[in-house]
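**Q** Give me the fold of what follows.
(one chain, ligands or ions: 3)
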Amino acid sequence: MDYWQEYITEAAQPSYCCLALIESCFMHCKMCYKWLEDVNIRKPDEPALEQWKQAVSDLALLCKDNKPQINFAGGEPLVREETLVLIEHAQGLGFDTLLATNAFLIDKNKAVEIGRSNLGNISISLDGFRPQTHDFMRGVTGAHEKVLKAIDFIKRFSPQTNIYLNCVICELNMHEIIDLTKWADNDGRINGLGFQALTQPFSTPVEEFWYRNEKYASLWPKDIGKVNETMGQLYSLKLANDFKAPFQILNPANQFRAFKKYFNNPDKFIKKGRCHLDSWAINITPAGQVHLCFNMPSIGNIKSTSIKDMWNSDLARDVRGRIQLCRKNCQAMVNCNFDDSQSYSE
Ligand SMILES: C[S@@+](CC[C@H](N)C(=O)[O-])C[C@H]1O[C@@H](n2cnc3c(N)ncnc32)[C@H](O)[C@@H]1O
Ligand code: SF4
Ligand code: SF4
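**A** Ligands and ions are numbered 1, 2, ... in the order given. So this is what the prediction gives:
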């Protein structure tokens with residue numbers, strides 16, 4: 001058996017799936033420019049709903065032994081009515097589901113619809129303890145209040161859904177990260193709070209030393225002493241695990257040490273080993289393109305090829321080879337697909 005045959009057997013199943021029906025948005029976040037594209041435009045290359053459903057069914061075939069959670073992200077996924085239809089379809093096939101949202105569109109009716117979809121988990125972005133901080137980072141007055149109302153609606157009308165919060169750590173909120181954690185712990189309705197370290201703002205042209213660019217100066221942490229103190233506090237809080245049920249900090253403790261390293265030296269690759277996304281993830285774009293990593297070429301399109309065939313194709317094998325050579329502190333490495341077993345935590 002040659003190396004690749006052996007490899008493909010090992011890579012038999014992805015453990016992470018992220019599906020985006022839309023890449024645009026209506027907020028005006030400082031750390032994400034997905035709002036630059038008009039949220040109302042439908043593109044001619046978007047798969048039909050039946051094709052999306054087929055793709056999720058294909059994924060179930062590929063992952064029959066151990067189905068990954070499907071993360072419905074974007075852009076803002078609740079802009080598209082199809083998102084909840086697909087969530088219901090995925091839940092029906094035995095997948096656990098997670099909806100990553102800014103929560104702005106969640107009113108009572110939307111929460112009832114979410115409840116009907118059987119959504120397992122919701123991850124609501126909340127970037128500040130102080131309403132002004134969250135509203136400023138999101139570029140919309142009243143965004144914080146909308147989050148609090150959405151938590152209430154979900155609790156009442158979608159009781160099976162676990163409620164998580166997600167916060168992007170940056171200069172603008174560094175001083176209130178611990179207050180936010182204490183608030184979420186005390187609230188009683190929140191199942192967990194996850195943190196992401198600021199990476200290059202989304203939908204901006206890739207730049208090597210982006211964090212030195214004047215354009216992002218308000219976002220990149222300036223006071224490295226404060227960074228180290230805050231990451232140390234999060235690390236200790238996570239290890240102590242002294243929270244009120246059901247609350248927990250979602251990141252592994254080591255990720256806070258890795259964040260500290262990253263903020264101190266953003267050019268040093270966050271992992272000790274190579275990138276693991278060659279055999280880890282399935283990411284699907286609004287056009288139906290499937291990527292092992294968003295920064296690498298597509299391995300096929302759900303409109304014409306089954307996910308199982310793509311996953312085991314020669315094209316996927318070539319992309320896997322390129323992924324193994326990449327050393328980029330991207331969103332996947334630092335945040336979403338952080339590898340606890342191989343982090344630079346010392
Ligand atoms: C792109 S959003 C999509 C879901 C939804 N629109 C939202 O805001 O939650 C996914 C997550 O990425 C986070 N994010 C946005 N910009 C980021 C950046 N530059 N670095 C790290 N995370 C970022 C968001 O806060 C959000 O939690
Ligand atoms: S982070 Fe989410 S809410 Fe903010 S612009 Fe990006 S997609 Fe929209
Ligand atoms: S390190 Fe490179 S190949 Fe791996 S996820 Fe990041 S950009 Fe993709």
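
**Q** And the contacts of stretch 176-187?
**A** Residues outside stretch 176-187 that contact it (C-beta atoms under 8 Å, 6 or more residues apart in numbering) are 126, 128-130, 133, 151, 165, 167, 169, 173, 190, 193, 195, 230, 233-234, 237, 243-244, 247, 249. Heads up, the C-betas are built off the backbone N, CA and C, glycines and all.

**Q** how about the helices in this protein?
**A** With DSSP state H as the criterion, the chain has helices at 3-10, 49-62, 82-92, 108-117, 131-138, 143-157, 177-187, 224-240, 253-264, 307-311, 314-325, 331.

**Q** which one of these lies closest to ligand 3?
**A** Taking C-beta to the nearest ligand atom, helix 314-325 is the member of these nearest to ligand 3, at 4.1 Å.

**Q** just how off-centre is the closest one within its chain?
**A** 23 Å (C-alpha atoms, centre = their mean, to the nearest Å).

**Q** Per-residue pLDDT of the residue nearest to Asn329 when sequence neighbours are not counted, please?
**A** Spatially, and ignoring its direct neighbours in sequence, Asn329 is nearest to Ile270 (5.4 Å; C-beta to C-beta, 6 or more residues apart in numbering). Listed pLDDT for Ile270 reads 88.

**Q** re earlier: may I see the ChimeraX selection of the buried members of the contacts of stretch 176-187?
**A** Buried residues within those, by 16 or more other C-beta atoms under 10 Å, are selected in ChimeraX with:
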select :126,128,129,133,151,165,167,169,173,190,193,195,230,234,237,243,247,249
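
**Q** Quick check, Phe342 in contact with Ile270.
**A** Not quite, residue 342 is Gln, not Phe. No - between Gln342 and Ile270 there is no contact under C-beta atoms under 8 Å: 9.2 Å.

**Q** So these two - more neighbours on which side?
**A** Neighbours were counted for Gln342 and for Ile270 using other C-beta atoms under 10 Å; Ile270 has more, 26 against 14.

**Q** Please report the distance of that one from ligand 1.
**A** Distance of Ile270 to ligand 1, computed by C-beta to the nearest ligand atom, to the nearest Å: 13 Å.

**Q** What of Glu145?
**A** Taking C-beta to the nearest ligand atom, one finds Glu145 at 16 Å from ligand 1.

**Q** can you pull the pLDDT of the residue nearest to that residue when sequence neighbours are not counted?
**A** Counting by C-beta to C-beta, 6+ apart, Glu145 lies nearest to Pro131, which is 6.7 Å off, once chain neighbours are set aside. Listed pLDDT for Pro131 reads 98.

**Q** Equivalent analysis for Met1, please.
**A** Looking at Met1, its pLDDT reads 38.

**Q** returning to that earlier point: and the helices of the chain, which one averages the lowest pLDDT?
**A** The weakest mean pLDDT among the helices of the chain belongs to helix 3-10, with a mean of 45.

**Q** From ligand 1, how far out is Phe263?
**A** According to C-beta to the nearest ligand atom, Phe263 and ligand 1 sit 12 Å apart.

**Q** For that residue, give me its contacts.
**A** Going by C-beta under 8 Å, 6+ apart, Phe263 touches 197, 221, 224, 227, 231.

**Q** For burial, what's the neighbour tally of the last one?
**A** Which is Met231. So Met231, with other C-beta under 10 Å, has 25 neighbours.

**Q** Now do the contacts for the closest residue to it other than its chain neighbours.
**A** Once flanking residues are discounted, Met231 sits nearest to Lys260: 3.9 Å by C-beta to C-beta, 6+ apart. Contact partners of Lys260, counting by C-beta under 8 Å, 6+ apart, are 227-228, 231-232.

**Q** What score does the closest residue to Lys271 other than its chain neighbours have for pLDDT?
**A** Of all residues beyond its chain neighbours, the one nearest Lys271 is Gln342 (5.1 Å), with distances taken as C-beta to C-beta, 6+ apart. Among the per-residue scores, Gln342 shows a pLDDT of 78.

**Q** Count the neighbours of the residue in the stretch 201-346 of the chain positioned nearest to ligand 1 for me.
**A** Here the residue of the stretch 201-346 of the chain nearest ligand 1 is Pro201; by C-beta to the nearest ligand atom that distance is 4.6 Å. Pro201 has 18 neighbouring residues, counting by other C-beta under 10 Å.
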